[in-house]
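In: Next input, structure requested:
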Amino acid sequence: MRGKIVFNGNGGGELIERVAPLLKAADGGSPQVLLVTAAWGPGEYGEGGIKEALYGQGVRPRMEGGFDQAVTNLCAWHVWSAFLQRRPDVARVCAEVDAARSIIRGWYQERTRFDAEMVRQAAALSRQRSRRFRLGALGSREPIGPDAVRSGAELVTLALGREILASVETLVQNDVRMLDSLVQAELQVLARTGLRMDPDWQAERARMADRILAADGIFFFGGNPTSLLEPLRFFDLQPALLEALRRGATFVCSSAGALVMCERMIVFDDRNPDPINRHFQLLDRGLGLVGGLQVLPHCMDRIHTDDPDNLAYLARRFGDRLCVGLNRESYLLMDLARQTATSFGNDGVYVFAADGVKRRYDRGEELGLA
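Out: Residues are numbered from 1 along each chain as shown. Model prediction:
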């Protein structure tokens, strides 16, 4: 695996300038760049400013038939939409399955919201009873023997601590069950349509896969994560993307583009009008091109990073992955050949640990991925 993946929290005007030195063609010439703007939905074609920024950083256009062939758009969202318009039978099955997935997801998210609120309230009550309480310390010490003398406050915090740990474990299992249910529903599209044997689907998939494999650099931009994920998953482009990385391509993934690279897509409960009481939500499984890493874009905007209990809850709920927070000027470079992850932005890269500690990695510092 020779490729690289750049993660950014919320790409701004400096994104292209920051990553341009990483875009290299195998033959030493000007790189072939592919834009994936499906997260913009119907606005997918509004990439003019991005192309101009790439030209300004030395990417040379190659005009053929009046169009630049050096910087192109995969147009995944429009290809997907057009295919469903041509195939109303497939569109009906997709709509039915999507409705089922929405109900499944909604039910689990309501359940998750309840359990997460129980954790928050139990932690708040524990802090009232004991100044020494830290969610990150739960389970780290041997329990006091059953005959030990305890104060009333100690009895409360001990009981609530057990409930917090039980609720977090419930949340972890809820996440697993929800993903299993979503996958089962998704497989019905293939089972009921025979999509993979459809010549039209095969032709569209092959065309997009060829463009992915021809690219030296691929940009995945922010926006609606579902709009970005669905076309890529519908045409089963994960194998082509993985092969592009194996051959040495560089992926640049910002905001929603960073989310879809992970095994799981974690978003925030924007429906709650109180930003203090918003909870993390598992939206869906991602493409899984990066394992063992949970990227959390818009870090300082959406995560209360000064609250150790909040960070401990986040890291424990997604404890089988390294929880990494990124801001607008945070950049994390994963070199797959060297198996390293290095911070190289003006802002730091933040890692949230189960003990509630926030660790910042500045330019040039490597994260421990083991």
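In: Tell me where the stretch 201-350 of the chain has helices.
Out: Secondary structure of the stretch 201-350 of the chain by DSSP state H, counting those that start in this stretch: the helices cover 225-234, 238-247, 256-259, 299-302, 308-317.
In: most packed of the ones you listed?
Out: Mean neighbour count, computed with mean count of other C-beta atoms under 10 Å, is highest for helix 256-259 among the helices of the stretch 201-350 of the chain, reaching a mean of 28. For every residue, glycine as well, the C-beta is placed using N, CA and C.
In: So which other helices or strands are in contact with it?
Out: Here helix 256-259 touches strand 217-220, helix 225-234, strand 264-268, going by 3 or more C-beta pairs under 8 Å, 6 or more residues apart in numbering; DSSP states H and E.
In: ok now that helix, how far from the chain's centre?
Out: 5 Å (C-alpha atoms, centre = their mean, to the nearest Å).
In: Where do the domain boundaries of the protein fall?
Out: Taking automatic domain parsing as the criterion, the chain consists of the domains 4-87+198-367, 88-190.
In: Can you say which of these is packed in most?
Out: domain 4-87+198-367 (a mean of 18).
In: so how far is the first residue of it from its last?
Out: Domain 4-87+198-367 has an end-to-end distance of 15 Å (C-alpha to C-alpha, to the nearest Å).
In: Throw the helices and strands packed on helix 256-259 into TSV and include mean pLDDT and distance to Gly66, thanks.
Out: Formatted as TSV, the entries for the helices and strands packed on helix 256-259 read as follows, by pLDDT from 0 to 100; distance: least, C-beta to C-beta, whole Å:
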stretch	mean pLDDT	distance to Gly66
strand 217-220	98	23
helix 225-234	97	26
strand 264-268	88	38
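In: Mind putting those into JSON lines with distance to Leu195?
Out: Below are those laid out as JSON lines (distance: least, C-beta to C-beta, whole Å):
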{"stretch": "strand 217-220", "distance to Leu195": "24"}
{"stretch": "helix 225-234", "distance to Leu195": "8"}
{"stretch": "strand 264-268", "distance to Leu195": "23"}
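In: mind checking which of those is nearest Leu283?
Out: strand 264-268 (4.5 Å; C-beta to C-beta).
In: give the contact list for Met294.
Out: If you look again at residue 294, you'll see it is Gln, not Met. The contact partners of Gln294, taken as C-beta atoms under 8 Å, 6 or more residues apart in numbering, are 262, 264, 266, 318, 321-324.
In: Columns distance to Gly65 on top of these, output as JSON lines?
Out: Converted to JSON lines, these look like this (distance: C-beta to C-beta, whole Å):
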{"residue": "Cys262", "distance to Gly65": "38"}
{"residue": "Arg264", "distance to Gly65": "41"}
{"residue": "Ile266", "distance to Gly65": "42"}
{"residue": "Phe318", "distance to Gly65": "47"}
{"residue": "Arg321", "distance to Gly65": "45"}
{"residue": "Leu322", "distance to Gly65": "46"}
{"residue": "Cys323", "distance to Gly65": "47"}
{"residue": "Val324", "distance to Gly65": "42"}
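In: The host helix or strand of Leu171 vs strand 264-268, what angle?
Out: Using DSSP states H and E, Leu171 sits within helix 152-193. Relative orientation of helix 152-193 versus strand 264-268 (axes from the mean of the first three to the mean of the last three C-alpha atoms, to 10 degrees): 120 degrees.
In: If you count contacts, what does helix 152-193 end up packed against?
Out: When contacts are defined as 3+ C-beta pairs under 8 Å, 6+ apart, helix 152-193 sits against helix 88-129, strand 280-285, helix 308-317.
In: Leu190: which of these is closest?
Out: Going by C-beta to C-beta, the one of those nearest Leu190 is helix 88-129, 9.7 Å.
In: State the mean pLDDT of that closest one.
Out: Throughout helix 88-129, pLDDT has a mean value of 93.
In: Distance from that helix to the middle of the chain?
Out: 17 Å.
In: quick one: low-confidence ranges for the stretch 251-370 of the chain?
Out: Residue ranges of the stretch 251-370 of the chain with pLDDT under 70: 269-279, 370.
In: Quick one: the strands in it, in order.
Out: For the stretch 251-370 of the chain, applying DSSP state E, counting those that start in this stretch gives strands covering 264-268, 280-285, 293-296, 322-325, 331-335, 340-343, 349-352, 358-361, 366-367.
In: looking at these, which is closest to Tyr313?
Out: Tyr313 lies closest to strand 280-285 among the strands of the stretch 251-370 of the chain, at 8.4 Å (C-beta to C-beta).
In: ok, and what's touching the closest one?
Out: Outside strand 280-285, the residues that touch it by C-beta under 8 Å, 6+ apart are 105, 108-109, 112-113, 116, 175, 178-179, 182-183, 225-226, 229, 259, 263-269, 314, 317.
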